[in-house]
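Colleague: sequence-free structure coming up:
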């Protein structure tokens, strides 16, 4: 079947395959795929964060009446994404009445042997896939359908900010967006550790300091205050990340005592509790190897 497991290397590392369909929709009426009302269709999974952003752009730009959508069943079968409608929210295939998304791919390319992923932007007039790369799709939705959009003035990729956006994506995508897949889908302990270190390291390098010390008013529940412990956090994360969170280094017992006395600001407690919860799933298992990832989560 076309599942995430096909993207595991011999050493157990998850290696994302490149997307295969990279066509474009254009506002140019003479283009192979001209922007038009009702011509294009999105296939998505609500279990896939990559598909989420295409749905978000479609909603933000006001394109719900322009581009139709089908939602696959969230459980990934051995045959890949299915159009089974037994799960709430799954729609089936309203375009071609297929049973599996792989049939949509093979409609576009009969010899296709790659991984079946979502989202998919489909041209109903030409009965083919235009693009299955979410980054491409959201850029097309942002600019090429403005003639039909309810919010044509909204520009989520403005020219004057593109260099900054691209610079952020240059480290967010490989280290975080794809990093959680590399860590969670790893099939060897070493591959898991390598991906985890990259993920935690970049999390510490970018933004933790600002996040922890941001002056915001927050409410802290009694359970959060009880669970707050810098000593627990110190044992769970790397020294570099711990220094980022606490900055400057402190006596953890003194801090934990101060928490009990109500001397630590709520904003600091909230931040460290959230960081502790975040890194808990990234900590090296105490015994045994990493458990295989569930098939219920697709590499989209």
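Modeller: Great, that's in hand. All figures in this text were calculated on a predicted structure; none of them were measured in a lab. Numbering: from 1, shown residues only.
Colleague: for the longest helix seen in the chain, packing partners?
Modeller: If you go by DSSP state H, the chain has its longest helix at helix 189-205. Judged by 3 or more Cβ pairs under 8 Å, 6 or more residues apart in numbering; DSSP states H and E, helix 189-205 is in contact with helix 179-184, helix 239-246, helix 266-280. C-beta: built from backbone N, CA, C; applies to glycine.
Colleague: Counting by contacts, list what the shortest one packs against.
Modeller: The one in question is helix 179-184. helix 189-205.
Colleague: what comes up buried for the helix it packs on?
Modeller: With burial defined by 16 or more other Cβ atoms under 10 Å, the residues of helix 189-205 counted as buried are 191, 192, 194, 195, 196, 198, 199, 200, 202, 203, 204.
Colleague: Quick check: the first one touching residue 11?
Modeller: Yes. With contacts defined as Cβ atoms under 8 Å, residue 191 counts as touching residue 11 at a distance of 6.1 Å.
Colleague: Now render the buried residues of helix 189-205 as JSON lines, adding pLDDT.
Modeller: JSON lines is the format used below for the buried residues of helix 189-205 (pLDDT from 0 to 100):
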{"residue": "191", "pLDDT": "82"}
{"residue": "192", "pLDDT": "82"}
{"residue": "194", "pLDDT": "82"}
{"residue": "195", "pLDDT": "81"}
{"residue": "196", "pLDDT": "79"}
{"residue": "198", "pLDDT": "78"}
{"residue": "199", "pLDDT": "77"}
{"residue": "200", "pLDDT": "73"}
{"residue": "202", "pLDDT": "75"}
{"residue": "203", "pLDDT": "65"}
{"residue": "204", "pLDDT": "64"}
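Colleague: Could you single out the nearest of those to residue 29?
Modeller: residue 202 (43.6 Å; Cβ to Cβ).
Colleague: check contacts around the spatially closest residue to that closest one that is not a sequence neighbour.
Modeller: Distance criterion Cβ to Cβ, 6 or more residues apart in numbering; nearest residue to residue 202, sequence neighbours excluded, is residue 175 at 3.8 Å. Applying Cβ atoms under 8 Å, 6 or more residues apart in numbering, we find residue 175 in contact with 198, 199, 201, 202.
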